[in-house]
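Enquirer: Quick one: sequence and predicted model below, then my questions.
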Amino acid sequence: MFWTQVFLLAAAAVFGFFAPRIAGRIIANYPGTWADVVMGNGKCKMGNGRTMAVAVASMIFTSIILMFAGALSVLMAIALCLFTLAVIIDLKVRLIPDILTFPLILIGAAAAQGLPWIAGGLTEALIAAAVGYILASVMGMVYYKKSDVAIGGGDIKLIAAGGMFLGATGLPVALITAALAAYALKHKYPDKFVPFAPFFAFGALAYLTYWILF
């Protein structure tokens, strides 16, 4: 178990280092497929300022991965990598590509039955995803009319994917936490454009951390 933890922490740090570069290739080849990302020549300079933060976040997420074994740990690791890329890209260019959100939904469907905080398994996860899609659409319309906090189509699909992983209890908690955090930042910096994905990631992490610890 110890060496498994060491390996996953090291892998998280490596992913954190390369994540901005991967995100840059996704942006440069948008709206292409993963084949375009891998084979394409386009590049988008991301800078290295977020690298350490992403590495740290990845290592935090690794503690969640360590709860699982076998195929489920692999699915969770892939999902967390995709989610991290979505956050980086949303911060950079204010969009979340479908090549990240659609795989997340599929992985969530495959993993839901094994997630201990989703008592209802796949059925609960699908309901949470549907409700999340509706709530995010409503929130998007509200924020669009009243502020510069952005909840676009990519955010809506990301939140639906989040429902697959958080379930009927976790998704509302994550959304409320995210909305309050986004509102607080917007209130403090009224002229700042606020993408929603980073706050949703914060809300999801807060819920999972609470569930694990308490």
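Expert: Thanks, I have it.

Enquirer: For the rest of this, base every contact and every neighbour count on C-alpha atoms.
Expert: Fine.

Enquirer: helix or strand for the residue nearest to the spatial centre of the chain, which one?
Expert: Centroid-nearest residue in the chain: F83, 3.0 Å away (criterion: Cα atoms, centre = their mean). Using DSSP states H and E, F83 falls within helix 71-93.

Enquirer: Tell me the helices and strands packed up against that helix.
Expert: Other helices and strands packing on helix 71-93, by 3 or more Cα pairs under 8 Å, 6 or more residues apart in numbering; DSSP states H and E, are helix 2-28, helix 51-65, helix 98-111, helix 197-213.

Enquirer: pLDDT averaged over the second one - what is it?
Expert: What helix 51-65 shows for mean pLDDT is 58.

Enquirer: Any stretches of this structure with poor pLDDT?
Expert: In the predicted model of the chain, residues 1-6, 8-9, 40-67, 69, 143-150 satisfy pLDDT under 70.

Enquirer: Select the longest helix from the chain.
Expert: helix 153-188 (DSSP state H).

Enquirer: Please save the CA atoms from the helix holding F83 in CSV.
Expert: This file holds the C-alpha atoms of helix 71-93, laid out as CSV (Å, rounded to 0.1, in the frame of the first residue of the first chain):
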residue,chain,number,x,y,z
ALA,A,71,-10.4,-0.7,-12.2
LEU,A,72,-12.3,1.9,-10.1
SER,A,73,-9.0,3.6,-9.0
VAL,A,74,-8.0,3.9,-12.7
LEU,A,75,-11.4,5.3,-13.7
MET,A,76,-11.2,7.9,-10.9
ALA,A,77,-7.7,8.9,-11.8
ILE,A,78,-8.6,9.4,-15.4
ALA,A,79,-11.7,11.4,-14.4
LEU,A,80,-9.8,13.7,-12.1
CYS,A,81,-7.2,14.3,-14.8
LEU,A,82,-10.0,15.3,-17.3
PHE,A,83,-11.6,17.5,-14.6
THR,A,84,-8.4,19.3,-13.9
LEU,A,85,-7.8,19.9,-17.6
ALA,A,86,-11.4,21.4,-17.8
VAL,A,87,-10.6,23.8,-15.0
ILE,A,88,-7.3,25.0,-16.5
ILE,A,89,-8.9,25.5,-20.0
ASP,A,90,-11.9,27.4,-18.5
LEU,A,91,-9.5,29.7,-16.7
LYS,A,92,-7.5,30.3,-19.8
VAL,A,93,-10.1,30.7,-22.6
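
Enquirer: Sounds good, over and out.
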